[in-house]
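J.: Fold the following and give me the result.
(2 chains)
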Amino acid sequence: MAEFASVSVADQIGLRAGDPVQLVDPPGVFLVTGWTAQPPNSVVEIEGGYICWLAPDRSLAVTGTPPGGFVSDITQGQAIFRLAEAVAADLLAMGGTLPLTALTPGLCAQTLFAGQKVLLYRRDGLIHLHIERALAAWLLAWFRQAATAL
Amino acid sequence: MTGARLPAGGRIDRTAPLPFTWNGRALQGYAGDTLASALLANGVRVVGRSFKYHRPRGIFAAGVEEPNAILDVTIGDRHDPNARATLVPLEPGLAAKAISGWPSVAHDLYRGLDLLQRFLPAGFYYKTFMAPHWKHWEPGIRRMAGLGQARTTPDPLLYEQRHAQVDVLVVGAGPAGLAAARVASAAGAAVMLVDENPTPGGTLLWNEAEIDDQPAATWAADCVAGLVRAGVTVLTATTAFAYYDHNTLGLMQRRTPAAGWAADRLWSVQARQVVLATGALERPLVFPHNDRPGVMLASAVLRYLRQHAVLVGRAVVLTTNNDSAYETAIALRDAGATVTVADVRASPGAAATAARQRGVRVIAGSVVRDTGGLDAILWADIGPADASGTAERVPCDIVATAGGWTPVVHLFSQSGGRLRWDEAASAFLPEIGRQAHQLAGAMQGTAGLAACLASGHRAGIAACAALDRPVTLRAPRTPEAAAPTPLQPYWHVPIKGARQWLDLQNDVTVKDVGLAAAENFQSVEHLKRYTTLGMATDQGKTSNVNGLAVMAALTGRGIGETGTTTFRLPYAPVSLGAMAGMRFAALHTAVRALPAQAEHDAAGAEMREYGGWMRPACYPRAQESVAAAIRREAAAVRAEAGLFDGSSLGKIVVEGPDAAKVLDLIYYNAIATLKPGRLRYVLLLRESGIVYDDGVIARLSPERFLLSPSSSHTAGVLAMLELWRQTEYPALRVAFHDVTAAWATFAVCGPRVRDILASIPTDIDLSDAALPHMALAEGHVFGVPARIARVSFTGERSYEISVPAGHAGALWRHLLAQGPTPYGIESLSVLRAEKGYILIGTDTDGLTMPQDLGLSGPLRAKTVDFVGRRSLTTPDGMRADRRQFVGLLPENPNFVPEVGTHAAVIEGRQKRSLGWITSSAFSPALGRSIALGMIEAGRARMGETVTLYDRGRLSKAVICSPVFHDPAGAKLNG
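T.: You can find the predicted model right below:
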């Protein structure tokens, strides 16, 4: 049913080539409660992806295979921005208090960025930033404006 | 004053002349100048008018403490209406003008106010302008006072903010700060060094001493270069203006920005250790008519001479009570000026002797007792410091004043540190610190270059030790200077009559402090507010200690006993734009976008912000007003069918073996009895029994629920659920997941709704038997996962269809193609008002309980405890005269009373409000106006007529049931 196709976050928010951020298209994103005990702020590899610690007993899985526990699929409710190292330090410093140096591989952090709740971690040499899909267009506008200062 | 540039010297680039304007007059300075030094070099004397008396004022200082030279500065798009000329680096094209004086600062007609000074004592405005009201006087007084005019158009520039975390933040790049930074850097710490001047080095830039066998300025430059090479972040032209909790400091950086961005950049820096090397500010001696243009701080005179090669005067009188002034005296003499020093001390000592040997005239035991001149200094009277005997009139064009040094303890004080008065230093010094910081240099009373270097070195080592980074590094060496002759405290000339200024920025004199003391405003905080001493942007930088000393003497107390006022942040002004950062215009507030935003735009929606979401208010057609669109849409829903985007409504999954039990313990309504596949309208109360939110709960399976709070309360409801689970019911096994953004939800409703549903390919049984009103089914539409719920907020047969957010556009387009009328929030508000459905926060307020809404059934029926239950049965909760939710039919069917209109009854000869209208609309279904309201004992008043009172306009209305349309609810299944 081509006429009932899903619109990607990138298309919805009008992401363009040359934007200071890119978007990740993950196989799935799941809120998880009751998964195996996970060290605070850790990112753990699981089958088909990885899982990020959010809070005690609360995690976010980025994977095509949801893990155990109480699981809610929020794939379509998330936008995952990806920032290159070259601009990430400056942009992160402009938007929040978490320094790039704190984002060592294997660690993640929920924090406020540009006043909004986000999840940050480093993966594949890039900074990943999760935000609610409904706020993605606003945050993209923020990134575009902030990047003009660099 | 004949201020002029010397032919050589200074740290300016004479190959880079910079044109600028002053009050429209073309002038020239050099790269390396500040606006203040360039003005002085061009012989500009009067730069402003005093706040109250409109006396002419000239440049007084050379740094952040400048009280007079507050100017309007424009550089291209950049505009600062209140810039300190001493902190503005000269740039080509800079245009500066005075902010006070009418018609001009040079010829100010308001200067006549000075003749009325006898009638304008401290606090005169508190006593004089009481009637008829201060507000009538304030605009004129403000205009006369003269402050910079903010632009009336939006600032076109963007303002950047930055955050940083470092191991060691060193504030101040003078000798102590540099010494501390080099230690911290050598220890391998992440170091940030900030200084308010364009070039780091502080006094080393104009100090003729040597450090490590190098000229001080060379040593400073090499030191900074080494720090930069080692990775230290060095921020120049950056003022640390605030010291917050958690060792976080606010910095204001002025730098050359990218195109479109302002020069001001705000930093928030959190440091594990802070080294405060903020130095000290020279304070003036106070003497009669010490406010004339040409009276300057001695240290400023020296700085302009050595840093900018500006000899501010050819004939200088210098009045002092300490040795530091003699360096200025000798430098001036060496530059060709004639110099006379009036030293308060009877035996000035070696420094005075050295000055005499260089041709400086020193008059011991004396002080400047008066000055003469109008817009410039022409003479100074020098006489005995005890005001006895006669004074000698000395012709001069500058009076430099040196009254000792006031440590810059502002940041230390802001951090929670306690101060003590030190008699030997004649200054407030840090006593007990509260945060993780080290103190260095003159800010803790250390005097002399060698001592400051050593102090900074020790502070650096202490900071590193606190970070467990031991370091071994040799301290910088400088020849020990001879011990100075002690300062002799001297606060003002003991002469009555002539005005002696304490606070130049706020026009406060010794006499004003005397008046405050006489009227018993003797507490320093009262003194500050009564006289304005040390208020506003100055924060008492040059006036605080002198003012306190005067008050102490007047009240027979010591200065330490008198105390000091609170040092408030910011230490130096911060532009509003920098504080706002990128939070303005479209980025002011993050607003959520609906997944079908593009479709709403295509449909011509009037988009407005509701509860943090941009949502369609309605869909006006060409030439159609919003009001007409709302009526058309509401009517279409009743007659045909409507389509509404409800994607912003909250969606919280509640899952676990104890899910039903937890919800029962929290929600007002019984949840455990809800059968799978069914919905229930619910209320969530605060512990006070006040209705916090309403919504619908669906039971998807025995252990899985879907909550639908109102759009703006979703985060709050989730937080409340987690709070109760984590604090009261931690043993219960349940999870709350917010999935709002993952799903799009569209409501289709109206008499034709079943035709529309028939067009949707779905595996969900939509028959009334399988999906009755208040039921929900999961399955697929168009092959994608979906939920369809029978729930209505319009009173019509209604279906809410939810699909993954990415499919929102496709589903909206399909549904719209079936012919329903799209309707927005405003139209929905009319429809729900016709049915008497409440809107939380609109029809309710911070006092509304369920029984006020006619929803007391669950309280009677529910057996388990729930949040807020106890409060519902308090005497206040059970009062018979509580305001209750009712309908109101205006007597005039075409008159729609405004929300907030009071409903009153006449009792005796008085009107008494029974309550107010909470919602109102013109109802297309009824063809007349309707209203909802909260009315005292409203349900017992059905049929009564009340008077509607709206800002003097009166009308009548009849109290009635809030359900105006289809009271039997037949259309829900129609």
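J.: what's across from the residue positioned nearest the centre of chain A in the sheet?
T.: Nearest to the mean C-alpha position of chain A, counting by Cα atoms, centre = their mean, stands residue A:130 at 2.2 Å. According to DSSP bridges, the residues that bridge with residue A:130 are residue A:80, residue A:119.
J.: I figured residue A:76 hits residue B:802, correct?
T.: No. Residue A:76 is beyond contact range of residue B:802, at 11.2 Å (criterion: Cβ atoms under 8 Å). To be clear about C-beta, it is placed using only N, CA and C from the backbone, and glycine gets the same treatment.
J.: pretty sure the residue nearest to the centre of chain A is touching residue A:74, no?
T.: No. Between residue A:130 and residue A:74 there is no contact under Cβ under 8 Å: 9.8 Å.
J.: about what we covered before: name the residues contacting each of residue A:76 and residue B:802.
T.: Here residue A:76 and residue B:802 have residue B:743 as joint contacts, going by Cβ atoms under 8 Å, 6 or more residues apart in numbering or on different chains.
J.: those helices in the stretch 101-250 of chain B, which residues are they?
T.: Taking DSSP state H, counting those that start in this stretch, the helices of the stretch 101-250 of chain B run over residues B:124-128, B:134-145, B:175-186, B:216-229.
J.: mean confidence score for the shortest one?
T.: The predicted model gives helix B:124-128 an average pLDDT of 79.
J.: Let's see that helix as CSV, backbone CA atoms only.
T.: The C-alpha coordinates for helix B:124-128 follow below in CSV (Å, rounded to 0.1, in the frame of the first residue of the first chain):
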residue,chain,number,x,y,z
PHE,B,124,13.8,63.2,48.5
TYR,B,125,11.8,61.2,45.9
TYR,B,126,10.4,59.0,48.6
LYS,B,127,9.0,62.0,50.4
THR,B,128,8.2,64.3,47.5
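J.: Which parts of chain A are helices?
T.: For chain A, the helices defined by DSSP state H cover A:9-13, A:85-95, A:136-147.
J.: Please disregard the earlier target; I meant the stretch 351-500 of chain B.
T.: Using DSSP H, counting those that start in this stretch, helices in the stretch 351-500 of chain B cover B:410-414, B:449-466.
J.: want to throw those into TSV with distance to chain A, mean neighbour count and mean pLDDT?
T.: As requested, the helices of the stretch 351-500 of chain B are exported to TSV (distance: least, Cβ to the nearest Cβ, whole Å; neighbours: other Cβ atoms under 10 Å in any protein chain shown; pLDDT from 0 to 100):
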stretch	distance to chain A	mean neighbour count	mean pLDDT
helix B:410-414	20	24	96
helix B:449-466	19	24	97
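J.: looking at these, which is closest to residue B:546?
T.: Closest approach to residue B:546 among those is made by helix B:410-414 (16.6 Å; Cβ to Cβ).
J.: how far is that closest one from where the chain is centred?
T.: Computed by Cα atoms, centre = their mean, to the nearest Å, the separation of helix B:410-414 from the middle of its chain amounts to 19 Å.
J.: returning to that earlier point: between residue A:130 and residue A:74, what contacts are shared?
T.: What both residue A:130 and residue A:74 touch, as defined by Cβ under 8 Å, 6+ apart, is the set residue A:29.
J.: And the pLDDT at the residue nearest to the centre of chain A?
T.: Per-residue pLDDT puts residue A:130 at 98.
J.: what do you get for residue B:481?
T.: 83.
J.: Okay, strands next: where are they in chain A?
T.: Using DSSP state E, the strands of chain A run over residues A:22-24, A:29-33, A:43-46, A:49-55, A:58-63, A:70-73, A:78-83, A:108-113, A:116-123, A:126-132.
J.: Nearest to residue B:951, out of those?
T.: strand A:116-123 (40.0 Å).
J.: Tell me which residues of the closest one come out buried.
T.: A:116, A:118, A:119, A:120, A:121, A:122, A:123 (16 or more other Cβ atoms under 10 Å in any protein chain shown).
J.: pLDDT weak spots in chain A?
T.: Within chain A, the segments meeting pLDDT under 70 span A:1-2.
J.: rerun at 50
T.: A:1 (pLDDT under 50).
J.: before we move on, what about chain B?
T.: B:1-3.
J.: Dihedrals phi and psi, the residue nearest the centre of it?
T.: The structure's chain B has its C-alpha centroid closest to residue B:579; by Cα atoms, centre = their mean the separation is 5.9 Å. The phi/psi pair for residue B:579 (degrees, to the nearest 10) reads phi -70, psi -30.
J.: nearest residue to it other than its sequence neighbours?
T.: residue B:266 (6.6 Å; Cβ to Cβ, 6 or more residues apart in numbering or on different chains).
J.: did I read that right, the one you found in a helix?
T.: No. Under DSSP: H, G, I helix; E, B strand; the rest coil, residue B:266 sits outside any helix and is assigned strand.
J.: So what pairs up with it in the strands?
T.: Residue B:266 has these beta-bridge partners by DSSP bridges: residue B:161, residue B:252.
J.: which residues sit in contact with it?
T.: Neighbours of residue B:266 in contact, by Cβ under 8 Å, 6+ apart: B:159, B:160, B:161, B:162, B:250, B:251, B:252, B:253, B:574, B:578, B:579, B:581.
J.: Now tabulate these in a markdown table and tack on distance to residue A:11.
T.: Output for the contacts of residue B:266, formatted as a markdown table (distance: Cβ to Cβ, whole Å):
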| residue | distance to residue A:11 |
| --- | --- |
| B:159 | 32 |
| B:160 | 30 |
| B:161 | 31 |
| B:162 | 33 |
| B:250 | 41 |
| B:251 | 41 |
| B:252 | 41 |
| B:253 | 39 |
| B:574 | 41 |
| B:578 | 36 |
| B:579 | 36 |
| B:581 | 30 |
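J.: from these, which would you call buried?
T.: B:159, B:160, B:161, B:162, B:250, B:251, B:252, B:253, B:574, B:578, B:581.
J.: Kindly provide the distance from the residue nearest to the centre of chain B to residue B:651.
T.: According to Cβ to Cβ, to the nearest Å, residue B:579 and residue B:651 sit 36 Å apart.
J.: repeat for residue B:235
T.: Counting by Cβ to Cβ, the gap from residue B:235 to residue B:651 is 47 Å.
J.: can you tell me which residues contact whatever residue of the stretch 751-900 of chain B ends up closest to chain A?
T.: Distance from chain A to each residue of the stretch 751-900 of chain B (Cβ to the nearest Cβ) is smallest for residue B:806, at 3.4 Å. Residue B:806 makes contact with A:6, A:7, A:8, A:9, A:12, A:76, B:595, according to Cβ under 8 Å, 6+ apart.
J.: farthest pair in those?
T.: For those, the farthest-apart pair by Cβ to Cβ is A:8 and B:595; their separation is 11.3 Å.
J.: so which of the strands of chain A gets nearest residue B:550?
T.: strand A:108-113 (48.1 Å).
J.: Thanks a lot, catch you later.
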